[in-house]
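Asks: Sequence first, predicted coordinates after that:
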Amino acid sequence: MMRKLLVLVLLLGSVEMSAQPQLTRDNIKEVVKAMTLEEKAKFVVGMHRGDIYAPPPAPGMPVRAVKDPLNVAASEAKAAQATNNQIVTAFSEGRVKGAAGDAVPIERLGITTMVLADGPAGLRIDPKREGDNKEYYCTAFPTSGLLAASWDTDLVEKVTRAMGNEVKEYGADILLAPAINIHRNPLCGRNFEYFSEDPVLAGKMAAAYIRGIQSQRVGTSLKHFAVNSQETYRNGVDAKVGERALREIYLKGFEIAVKEAQPWTVMSSYNKINGTLASENRWLLTDVLRNEWGYKGFVMTDWWAEENGACQIGAGNDMLMPGTQRQMNDIIDGVKNGTLAERQLDWCVENILRILVLSPTFNRYQYSDRPDLQAHAAITREAASEGMVLLENKGVLPIAQQRVALLGVDSYDILVGGSGSGYVNRKYKVSTYEGLKAAGFSIDEQQAQTYLDYIKDEKAKTSENFWTVPVVQEIVVSQQDAERLARDNDLCILTIGRMAGEGGDRKLERGDYYLNDVEDANLNTLCKAFHQQGKKVVVLLNMGNMIEMVSWNQLPDAILHCWLPGQEAGNSIADVLTGKVTPSGKLPFTIAERYEDYPSAGNFPESNGNAAVVEYKEDIYVGYRHFDKTLTTVTYPFGFGLSYAAFAYEQMHVEAEGNLLWVRVTVKNIGQRAGKEAVQLYVAAPKADFDRPVKELKAFCKSRLLQPNESQMLIMTVKREDLASWDETAHRWSITPGTYTFLVGASATDMKLQTDCNIK
């Protein structure tokens, strides 16, 4: 009898289990209906609920994160252990060690986890793991500023296909990238992670980035939505932005990327926008993102945006990362007391599940843990050389193999990426010293050994980790040493570097935005010594953004902006210096003569006392829009970059076809070397009854490699709605009828051809 009862119980249990729906692409609503309230709340809150890796608070920033009492002991133990590690990652638990977070699985309903990992310059996971003798290094690709400087969306897709392959083959599902916020101010600490001061360039680059990653059937997270233009007090700063500036500048890039590429996820930013936190802003996350733009994926918070969970879900912020018990309680309590409709929670769960069923983890992809890192390194080398910008060249570059005095700490310990979410655990990096030697140059080894010994000693005093990439202070070059180097060598190459990263902004001081005393003295001493010998000086800029340049840029004979170029940095630099690659990069931002010339200079932490409210008083006049309007002279304009080749622009035509405007222009290489040209299309609107920029970038195109005397017709398209401006009175986009002037040029201040087109 007992055996019969036991069999009956087992049968009933089996029937009950079999009655549970198992998640597929076709039964998402049924699965959500089968979930308990607690399961729903658990599912929309991330799996990792410690906060030991939260960024250090910037000046004036309140510490908002609260430790989950369920995980305090484990968190503190890991924090203590982490200080002894050479490389520290965000998390060393979950399905993929070192990934930033995981979705919560619900096994009874067939809901798997989903692995979320940083970041914009390549996948970051733990390269070495306890009890495992294998290595899991990833490729450190060039940072976004360099990719934008390529003005080449095909190249960006090529880079991100490789990046997406590493995401997939290392078992992750979503890469937390790209970051697309506008370069409002040159001191923003994460400008290296962002693309441009212009929303069209940023949006098109982001769309290409997303297409490349998602071609590998893994996802992206477009971030930080929106107006995350500074790191200081980022968890609570209130960005006061006019409706027109929001629409035309700060949301436009996101709109382009969403409509053209549909990222799997969008990440909300920490900050407030006109008084409301972005992660609790229903107008932003639901009305605009979904209802206006037609977004189909899910929205997640940035890590440690630990506000009220019920308010975040109610706004349409579907997933809260990395998650706390408090947020789960907020959601459950909100549903029970009626302040959060359960149908809203269901909607958020459905949004996540629609992406989860696309993921490699859900589809049981057998990842290899062996992506082709050698092939990806070759792509990195190519991409970095394509984005480097030649700012000055007084007939010195390209150079042949010769004796080189290589100076500057960063020539030997090159910066390949930023800190924070842009940090990548790479296996190696190629310094400029190593790259030039591999290219056959003879480096002054006496000077080189001085740097190598000094850097080794200084590095031994520090450790590199997720939040901090130590920077070694520069060595003073004496007059005697400079004269000896000038006698014994044919050329001087001096590198000036700047580190930046997540969690803090740059400083308006010597050694950051300005050269420090040692850098200034070294540059003057070396230029004087080498020029007295009739020899040249080349300066390399190894940084993700910019520094002040007008006070010194005419001293050296050439300046090459190398950015943060990824792990093959030195080889890419050598390729450009030698002419193996003709530089074709162009600036994605304006370099002003004075910091005070930037329209945001008076409303940024360096000048507003780290205020909790930031007024975007410049409105739509960011970057070149401001300099065009005020006729202010700049050091280097938006879109500027020199080449070893020379180009003529010919035969411009604009044709209307339905909703599209087709712009055709022929570019001819009239120089002596092969090269590529990035052509920029600007449009000037007819005079209207409200303020309009002098011109605005509407499209761009990069030529193929053109041999001397070779031509190529380039075709760019502009949609009619791309000519609209935001009408703040009517709260809608409006196109002013009349004559629009279409201009093609080599930079924002170098227009080559123009033609008019009447728009009704």
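Replies: Here it is on my side, so go on. Residues are numbered from 1 along each chain as shown.
Asks: Spit out the contact partners of the spatially most central residue of the chain.
Replies: Geometric centre of the chain, nearest residue: Glu193, 2.9 Å, by C-alpha atoms, centre = their mean. Neighbouring residues of Glu193 by C-beta atoms under 8 Å, 6 or more residues apart in numbering: 120-121, 143-145, 179, 418, 421-422, 502, 544. (Each C-beta comes from the backbone N, C-alpha and C, glycine too.)
Asks: Keep only those of these that are in helices.
Replies: Using DSSP state H, the subset of those located in helices is 144-145.
Asks: Please identify which of the contacts of Glu193 is nearest to Ala34.
Replies: Ser421 (35.6 Å; C-beta to C-beta).
Asks: Number of residues surrounding that closest one?
Replies: Neighbour count for Ser421, taken as other C-beta atoms under 10 Å: 27.
Asks: Show me the contacts of Glu193 that map onto strands.
Replies: Assigned to strands by DSSP state E, none of the contacts of Glu193 qualify.
Asks: Neighbour-wise, give me the winner out of the contacts of Glu193.
Replies: Neighbour counts for the contacts of Glu193 (other C-beta under 10 Å) peak at Ala121, which has 35 neighbours.
Asks: residue ranges for the helices of the stretch 201-350 of the chain, please.
Replies: Under the criterion DSSP state H, counting those that start in this stretch, the stretch 201-350 of the chain carries helices at the ranges 243-245, 252-261, 282, 309-315, 325-337, 342-356.
Asks: I'd like the next helix or strand past the strand or helix carrying Asn165.
Replies: Using DSSP states H and E, Asn165 sits in helix 153-169. Where DSSP H and E defines the elements, the next helix or strand beyond helix 153-169 is strand 174-175.
Asks: Show me what that next one is packed up against.
Replies: Other helices and strands packing on strand 174-175, by 3 or more C-beta pairs under 8 Å, 6 or more residues apart in numbering; DSSP states H and E, are strand 115-117, helix 153-169, strand 219-225.
Asks: one step back: what mean pLDDT would you report for the helix holding Asn165?
Replies: Per-region confidence: helix 153-169 scores 98 on mean pLDDT.
Asks: Stretch 429-437 now?
Replies: The pLDDT scores in stretch 429-437 average 98.
Asks: what's the offset of that stretch from the middle of its chain?
Replies: 25 Å (C-alpha atoms, centre = their mean, to the nearest Å).
Asks: Give me the residues contacting it.
Replies: Outside stretch 429-437, the residues within contact range by C-beta under 8 Å, 6+ apart are 140, 404, 406, 410-414, 416, 438, 443, 448, 493, 495, 540, 567-574, 577.
Asks: I figured Leu743 hits Leu681, correct?
Replies: Yes. Using C-beta atoms under 8 Å, Leu743 is in contact with Leu681, at 7.3 Å.
Asks: So for these two, which residue has more residues nearby?
Replies: Taking other C-beta under 10 Å, Leu743 and Leu681 do not tie; Leu681 has more neighbours (25 against 19).
Asks: what's that one in contact with, if anything?
Replies: Contact partners of Leu681, counting by C-beta under 8 Å, 6+ apart, are 663, 697-701, 716, 718, 742-744.
Asks: Rebuild the residues you listed as a markdown table, extending it with distance to Ala486 and pLDDT.
Replies: Output for these, formatted as a markdown table (distance: C-beta to C-beta, whole Å; pLDDT from 0 to 100):
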| residue | distance to Ala486 | pLDDT |
| --- | --- | --- |
| Val663 | 50 | 98 |
| Leu697 | 43 | 98 |
| Lys698 | 49 | 98 |
| Ala699 | 47 | 98 |
| Phe700 | 42 | 98 |
| Cys701 | 44 | 97 |
| Met716 | 48 | 98 |
| Val718 | 52 | 97 |
| Phe742 | 50 | 98 |
| Leu743 | 45 | 98 |
| Val744 | 44 | 98 |
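Asks: Between those, which sits nearest Ala149?
Replies: Nearest to Ala149 among the contacts of Leu681, counting by C-beta to C-beta, is Phe700 at 11.9 Å.
Asks: what comes up buried for stretch 438-454?
Replies: Within stretch 438-454, the residues that count as buried by 16 or more other C-beta atoms under 10 Å are 439, 441, 443-444, 447-448, 450-451, 454.
Asks: before we move on, the earlier item: pick the one among the contacts of Glu193 closest to Thr265.
Replies: Of all the contacts of Glu193, Thr265 sits closest to Ala179, with 13.1 Å by C-beta to C-beta.
Asks: and that closest one, what are its bridge partners?
Replies: Note on Ala179: beta-bridge partners by DSSP bridges are Lys223.
Asks: Is it correct that it is in contact with Ser221?
Replies: No. Between Ala179 and Ser221 there is no contact under C-beta under 8 Å: 9.3 Å.
Asks: Mind giving me the packing neighbours of the strand or helix carrying Leu406?
Replies: Secondary structure assignment for Leu406, by DSSP H and E: strand 403-407. Helices and strands touching strand 403-407, as assessed by 3+ C-beta pairs under 8 Å, 6+ apart, comprise helix 432-438, strand 442-443, helix 445-459, helix 479-488, strand 491-497, helix 517-532.
Asks: let's go with 6 Å and repeat that
Replies: Helices and strands touching strand 403-407, by 3 or more C-beta pairs under 6 Å, 6 or more residues apart in numbering; DSSP states H and E, are strand 442-443, strand 491-497.
Asks: Direction included, what does that strand pair against?
Replies: strand 442-443 (parallel), strand 491-497 (parallel).
Asks: now those strands as CSV including mean pLDDT and distance to Thr749?
Replies: Shown next, in CSV, are these (pLDDT from 0 to 100; distance: least, C-beta to C-beta, whole Å):
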stretch, mean pLDDT, distance to Thr749
strand 442-443, 98, 38
strand 491-497, 98, 25
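Asks: looking at those, which is closest to Lys204?
Replies: When the strands paired with strand 403-407 are ranked by proximity to Lys204 (C-beta to C-beta), strand 491-497 comes first, at 29.1 Å.
Asks: ok, Arg234 touching Tyr270?
Replies: Yes. Using C-beta atoms under 6 Å, Arg234 is in contact with Tyr270, at 4.8 Å.
Asks: Just give me the neighbour total for Ala685.
Replies: Other residues lying near Ala685 total 20 when counted by other C-beta under 10 Å.
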